[in-house]
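Novice: Kindly generate the corresponding structure for this input.
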Amino acid sequence: MPAAPTRVDWFRILDDLKREGYGLRDITHFTGIPRSTLLTYRAGSEPGYSTGQKLVMFWAQATSRDAASVPMVNPYSYRA
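Specialist: Numbers count the residues shown, from 1 in each chain. Predicted structure coming up:
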């Protein structure tokens with residue numbers, strides 16, 4: 001049986017950054033991604049590749065984790 005599809009959990013990335021002390025204004029400052037755009041990711045939108053890459057790299061640096069360990073979610077789960 002094939003593995004369940006997964007996608008990056010953008011809500012959790014933003015939540016992890018909040019727990020590290022970074023507000024949306026801070027994330028905007030460090031990544032250049034507008035606050036309004038970050039709010040759409042929190043609500044479930046998917047960023048384009050380069051924007052998502054910026055956000056993942058900032059998350060990895062801010063949380064001292066490897067970018068390969070980015071939080072994932074099944075898009076068909078109740079949380080997605």
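Novice: Low-confidence stretches in the protein?
Specialist: Along the chain, segments meeting pLDDT under 70 span 1-4, 78-80.
Novice: can you rerun that using 80?
Specialist: In the predicted model of the chain, residues 1-5, 75-80 satisfy pLDDT under 80.
Novice: can you give me the strands in it?
Specialist: For the chain, the strands defined by DSSP state E occupy 7-8, 72-73.
Novice: Scan this protein for its longest helix.
Specialist: The longest helix of the chain (DSSP state H) is helix 49-63.
Novice: helices or strands up against that helix?
Specialist: Here helix 49-63 touches helix 10-19, helix 24-31, going by 3 or more C-beta pairs under 8 Å, 6 or more residues apart in numbering; DSSP states H and E. Backbone N, C-alpha and C define where each C-beta goes, glycine included.
Novice: Could you identify which of those helices is most buried?
Specialist: By mean neighbour count, with neighbours taken as mean count of other C-beta atoms under 10 Å, helix 10-19 ranks first of those at a mean of 18.
Novice: got a list of contacts for that helix?
Specialist: The contact list for helix 10-19 (C-beta atoms under 8 Å, 6 or more residues apart in numbering) reads 24, 27, 38, 41-42, 44-47, 52, 55-56, 58-59, 62-63, 70-71, 73, 79.
Novice: and the angle from that helix to helix 49-63?
Specialist: For helix 10-19 against helix 49-63, the angle by axes from the mean of the first three to the mean of the last three C-alpha atoms, to 10 degrees is 40 degrees.
Novice: picking that back up, and Thr31, which of the strands of the chain is closest to it?
Specialist: strand 7-8 (14.8 Å; C-beta to C-beta).
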